[in-house]
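Novice: build me a structure from this.
(one chain, ligands or ions: 1)
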Amino acid sequence: MQLEINKYDVLIHDQVLKILENFTQYKRNAPEAGGIMIGKVIDSQINIIKLSVPTQLDRSSRTNFERSKLSAQIIIDYEFFNSGGQLIYLGEWHTHPESSPVPSNTDLKMLQNQFKNNILNTDFLILLIKGTNHIYIRIIDKDGFYEKTIKTIF
Ligand SMILES: [Zn+2]
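Specialist: The predicted structure follows:
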């Protein structure tokens, strides 16, 4: 799935869409899921290639997901090392139990903190939220933020 978000060209690979679909909260008691997004920038196109899936160190409920810093860092280091520095951390994903997801204040604060406090390999950071019918994407960089909501067809 390819999309333009302002000046950004984003390609979400099929295996990523499949994982998102698998964790979508269709069932009434399904907890939120989430993790980090890994990929690379090829000729200025952002390629989201891999997602980490929830680990036992994460905490989640129906309406909340808090990923473990430790497990995320292990995954980032592992992917970076095993790809010879090709695969890098691009941002965060999680699910929401709503049709068209809207980021919570906590989500936005988390993204802002990640962007400010982490040493990133990119000059942007992405937040992706998978609802039951739509995907919400926000990209932040030093100039501000850009967002888009797209319908998913499976
Ligand atoms: Zn959220």
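
Novice: residues of the protein that sit close to the ion?
Specialist: With C-beta under 5 Å from the ion as the criterion, the chain meets the ion at residues S104, D107. Quick note: C-beta positions are derived from backbone N, CA and C, even for glycine.

Novice: so where's the chain uncertain?
Specialist: 153-154 (pLDDT under 70).

Novice: so what does the residue of it found nearest the ion look like in phi/psi?
Specialist: Ranked by C-beta to the ion, the top residue of the chain for proximity to the ion is D107, at 4.1 Å. Here is the backbone geometry of D107 (degrees, to the nearest 10): phi -60, psi -50.

Novice: once you drop chain neighbours, what's closest to it?
Specialist: The shortest distance from D107 to any non-neighbouring residue, by C-beta to C-beta, 6 or more residues apart in numbering, is to L127 (6.4 Å).

Novice: phi and psi next, for the one you found.
Specialist: The phi/psi pair for L127 (degrees, to the nearest 10) is phi -120, psi 130.

Novice: isn't it right up against F145?
Specialist: No. Here L127 does not reach F145: they are 9.1 Å apart, not a contact under C-beta atoms under 8 Å.

Novice: Provide a list of residues in contact with the residue nearest to D107.
Specialist: By C-beta atoms under 8 Å, 6 or more residues apart in numbering, the contact set of L127 is G91, E92, W93, P103, D107, L108, L111, Y136, I137, R138, I139, I140.

Novice: which strand residues bridge it?
Specialist: Beta-bridge pairing for L127 (DSSP bridges): E92, R138.

Novice: what's the spacing between the most centrally placed residue in the chain and G85?
Specialist: By C-alpha atoms, centre = their mean, the chain has its centre lying nearest to W93, at 2.7 Å. Separation of W93 from G85 (C-beta to C-beta, to the nearest Å): 22 Å.

Novice: one more: L70?
Specialist: Taking C-beta to C-beta, one finds L70 at 22 Å from G85.

Novice: who touches the closest residue to E79 other than its chain neighbours in this structure?
Specialist: Computed as C-beta to C-beta, 6+ apart, the closest residue to E79 that is not its neighbour in sequence is L87, at 4.4 Å. Counting by C-beta under 8 Å, 6+ apart, L87 touches I38, G39, K40, I49, K50, E79, F80.

Novice: how about V53?
Specialist: I19, F23, A33, G35.
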